[in-house]
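Colleague: turn this into a model:
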Amino acid sequence: MTMRTLLWLVCALLLASPSWASEARCDALGANCVCSEPFNTSSFTRSDGYLNPGDSTTKQCSYEIANHPAWSYSDLTLGTDATALARLPAGHSVTNILRRNTGHAGIWWVGAGKTVKDLGATYNKRMVTRAYVYHSPDYNFRYDIPGCHSKLFNGEANNLWHWENAQGWIHQYEFANAGWSSPPKDAALYGDPPGMAYRMGEADWQGHWYRAEAVTMNRAGGASPNGLRWILYMTDVSQGVTKVNGGNTFVAADWAGTTSGWGPNWNSIVPPWRQVSLELNLYREVPAGGQCLGFRATSHYMVAGWDTEAGQMIGAATEVEGSGTPTTGTITLSVRSFLPLLFGIVGGAIGVVCMVMGGLRWLERRREYALRTARPSDGPGDFGEQPVEPRPVDGTPAHGGHGVQPMVSVPPADELASASAEVEGRR
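Modeller: Numbering: from 1, shown residues only. This next block holds a predicted model:
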């Protein structure tokens, strides 16, 4: 392979834009990253309400059908909002967010249920869902005037349990018909989760971005102390507002808590089947006489799992927070977040080389054309040059000139024919 062929190959590869499979943290976690959806694009396809964003091509999350992590009846889109983007931490690289229109109501899911079910028993011990969630400054809640109901996270839909923030603070439902086998549940629990460390209010949500990490432990349940357990960690990452809890991570919900929980045997809960990772359930409902105001949005959704229990967390997305590490566990440093800049610099340099090569090739083809078409009787050449007398062999200027090298005159026809044949032979 000649150097010229190699350079043309590099140019061709340069034109093929790379597709990042996921965010940098997913790459750092390696196989423990189950799936990742940054939602940082305006490009997407839709299939019967299911949305597939265009900024990920591998390790995609699948809610109910392959590679489609989100679903809603209508108006779910990848777009922007000036206030929402301004409230993100300094140094972020977010340009688009997954959102619905202002005043939206109805069902809206973001999840990886199918992806996790396809794993079987893999990562049964600990699984974490991490998402950034935003509520607009005018977002209203259940007992506002007008009022609007809202949910937040859900277990499997047909298990009928979820966490809500309808009144600002997180409370949880476990329905009597959920099918839990040990211990049995005969009624719904509606109130503060026993492990709540901070009771949020409505104003804590409005105009704020949170990193929400929902942990699922022992997905299949088991005998004490290996029962199923869910914990929700929240971190206010907003700028331009007073951060809730000083920006420190807090437990917003926990099935078990420290001294109490779901009945006396909370640490031996066995679900009817192995549970998936928690999913965003951003449902809103208009009560009688109510009206939904504002909107919610999400960014950088990811699921990760482990076969051991060591308090592992996904942690910050550098694309959102500018920097960050997991709150617990270990992290493998990755240069992936710097790759776009590096690619841009190298790509720009290669692009210049490609342009120069293209220009040289154009000049070469023009020269070949001139050689093929020139004749002795043409007089001035195709490019306007005047025939001049060749320079003498002894190196002295022709016609007594002052050292100016005259241009070579048009060669005889037989030499042109020979040159043209040689060019054609090379082609």
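
Colleague: for the nearest residue to residue 201 once chain neighbours are set aside, what are its contacts?
Modeller: Leaving aside its sequence neighbours, residue 201 sits nearest to residue 168 (CB to CB, 6 or more residues apart in numbering; 4.5 Å). Backbone N, C-alpha and C define where each C-beta goes, glycine included. Residues in contact with residue 168, defined by CB atoms under 8 Å, 6 or more residues apart in numbering, are 141, 200, 201, 202, 203, 204, 205.

Colleague: what about the second one, how many neighbours?
Modeller: Read it as residue 200. 22 (other CB atoms under 10 Å).

Colleague: which strand residues bridge the closest residue in space to it that isn't next to it in sequence?
Modeller: Closest residue to residue 200 apart from its sequence neighbours, by CB to CB, 6+ apart: residue 169 at 5.1 Å. Assessed by DSSP bridges, residue 169 has beta-bridge partners residue 167.

Colleague: pLDDT score assigned to residue 169?
Modeller: For residue 169, the model assigns a pLDDT of 87.

Colleague: thought residue 201 was touching it, still the case?
Modeller: Yes. The pair residue 169 / residue 201 is scored as a contact, 6.8 Å apart, by CB atoms under 8 Å.

Colleague: comparing the two, which residue is more hemmed in?
Modeller: The neighbour count for residue 169 versus residue 201, taken as other CB under 10 Å, is higher for residue 169 (20 against 12).

Colleague: residues in contact with the more buried one?
Modeller: Contacts of residue 169 by CB under 8 Å, 6+ apart are 192, 196, 199, 200, 201.

Colleague: that one and residue 232: what is the separation?
Modeller: According to CB to CB, to the nearest Å, residue 169 and residue 232 sit 12 Å apart.

Colleague: same question, residue 254
Modeller: Residue 254 is 7 Å from residue 232, by CB to CB.

Colleague: and residue 235, what are its bridge partners?
Modeller: residue 211.

Colleague: use 685 as the first number from now on
Modeller: Okay, using 685 as the starting number, the last item reads as residue 919.

Colleague: re the thing from before, reformat the contacts of residue 853 as JSON lines; add secondary structure, pLDDT and distance to residue 996.
Modeller: Below are the contacts of residue 853 laid out as JSON lines (DSSP: H, G, I helix; E, B strand; the rest coil; pLDDT from 0 to 100; distance: CB to CB, whole Å):
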{"residue": "876", "secondary structure": "coil", "pLDDT": "67", "distance to residue 996": "26"}
{"residue": "880", "secondary structure": "coil", "pLDDT": "80", "distance to residue 996": "22"}
{"residue": "883", "secondary structure": "coil", "pLDDT": "89", "distance to residue 996": "27"}
{"residue": "884", "secondary structure": "coil", "pLDDT": "93", "distance to residue 996": "25"}
{"residue": "885", "secondary structure": "coil", "pLDDT": "94", "distance to residue 996": "30"}
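
Colleague: show me which of those residues is closest to residue 811.
Modeller: Distance to residue 811 across these (CB to CB) is lowest for residue 880, with 21.4 Å.

Colleague: for the closest one, give me phi and psi.
Modeller: Here is the backbone geometry of residue 880 (degrees, to the nearest 10): phi -60, psi 130.

Colleague: my read: it touches residue 854, true?
Modeller: Yes. Between residue 880 and residue 854 a contact is recorded at 6.7 Å, counting by CB under 8 Å.

Colleague: need the overlap of contacts for these two.
Modeller: 936, 937.

Colleague: with neighbour numbers in mind, choose between those two.
Modeller: More neighbours surround residue 854 than the other of residue 880 and residue 854, with 23 against 20 (other CB under 10 Å).

Colleague: the more buried one reaches residue 914, doesn't it?
Modeller: No. Between residue 854 and residue 914 there is no contact under CB under 8 Å: 11.4 Å.

Colleague: what residues are shared contacts of the two?
Modeller: residue 937.

Colleague: quick check: domain ranges of this structure?
Modeller: Domain ranges of the chain: 703-1018, 1027-1110, per automatic domain parsing.

Colleague: ranking those by mean pLDDT, which is last?
Modeller: Among the domains of the chain, domain 1027-1110 scores lowest, at a mean of 52.

Colleague: please enumerate residues in contact with stretch 783-791?
Modeller: Contacts for stretch 783-791 (CB under 8 Å, 6+ apart): 755-763, 765, 768, 792, 820, 832, 965-970, 975-982.

Colleague: partner strands of whichever strand or helix holds residue 982, with direction?
Modeller: Residue 982 belongs to strand 980-990 when assigned by DSSP states H and E. Strand pairing for strand 980-990, using DSSP bridges, gives strand 717-721 (antiparallel), strand 781-783 (antiparallel), strand 810-819 (antiparallel).

Colleague: can you add distance to residue 952 and mean neighbour count and give those strands back as a markdown table?
Modeller: Shown next, in a markdown table, are the strands paired with strand 980-990 (distance: least, CB to CB, whole Å; neighbours: other CB atoms under 10 Å):
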| stretch | distance to residue 952 | mean neighbour count |
| --- | --- | --- |
| strand 717-721 | 26 | 26 |
| strand 781-783 | 37 | 26 |
| strand 810-819 | 17 | 25 |
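
Colleague: I am finished for the moment; much appreciated.
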